[in-house]
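# Give me a model of this one.
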Amino acid sequence: MASRVVLCALLAAACARTTLQSSVADTHGGTKPTEEMDFWDGLAVQRAVSNRDAIHALLLSYGSQAKGAASDWATELKAAQQRGWVGADADPRPDETARVGMVARVVCLQANIKGGAT
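Numbers count the residues shown, from 1 in each chain. Below you'll find the model as predicted:
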């Protein structure tokens, strides 16, 4: 019985989302060209990408950065929801690691690639 409890605890811990201490978008998320380059440079050396950084990068990549998005997660999340990138009722934590599927779905939507979840 004790081994089952330990196994369940290990599985639950393995399924937990990783949270990050900081976001590149929070430190280099301005709208000036030099701040955008600092963001991309900072993102390139990160071991993992947060939801905050992923959505900020996608908004920059597709030329649709939300007004006020330089320092506001709520504004960027709302912009992503309005574009159909994130469900309207979704509330992802900005400090959790981004899911590859979410990023891939946005890229497919923007590139007009049909199939799967798009």
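# residue closest to the middle of this structure?
Central residue of the chain (C-alpha atoms, centre = their mean): residue 51, 2.2 Å from the mean position.
# Would you mind confirming that that one is in contact with residue 94?
Yes. Between residue 51 and residue 94 there is a contact under C-beta atoms under 8 Å: 5.4 Å. Glycine gets a C-beta too; all of them are placed from N, C-alpha and C.
# what about the helices in this structure?
2-15, 24-28, 33-44, 51-61, 73-82, 100-111 (DSSP state H).
# taking those helices together, which one is wrapped up most tightly?
Ranked by mean neighbour count under mean count of other C-beta atoms under 10 Å, the helices of the chain are led by helix 51-61, which reaches a mean of 23.
# can you give me the offset of that helix from its chain's centre?
6 Å (C-alpha atoms, centre = their mean, to the nearest Å).
# Mind putting the helices of the chain into a markdown table with distance to residue 90 and mean pLDDT?
What follows is the helices of the chain, written out as a markdown table (distance: least, C-beta to C-beta, whole Å; pLDDT from 0 to 100):
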| stretch | distance to residue 90 | mean pLDDT |
| --- | --- | --- |
| helix 2-15 | 19 | 52 |
| helix 24-28 | 18 | 80 |
| helix 33-44 | 22 | 88 |
| helix 51-61 | 10 | 91 |
| helix 73-82 | 7 | 90 |
| helix 100-111 | 9 | 91 |
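# Relative to residue 85, how far out is the residue nearest to the centre of the chain?
11 Å (C-beta to C-beta, to the nearest Å).
# anything in contact with each of those two?
residue 102 (C-beta atoms under 8 Å, 6 or more residues apart in numbering).
# Quick check on the nearest residue to the residue nearest to the centre of the chain once chain neighbours are set aside: phi, psi?
Using C-beta to C-beta, 6 or more residues apart in numbering and skipping residues adjacent in sequence, the residue nearest residue 51 is residue 92, 4.6 Å away. Main-chain torsions, residue 92, degrees, to the nearest 10: phi -70, psi 140.
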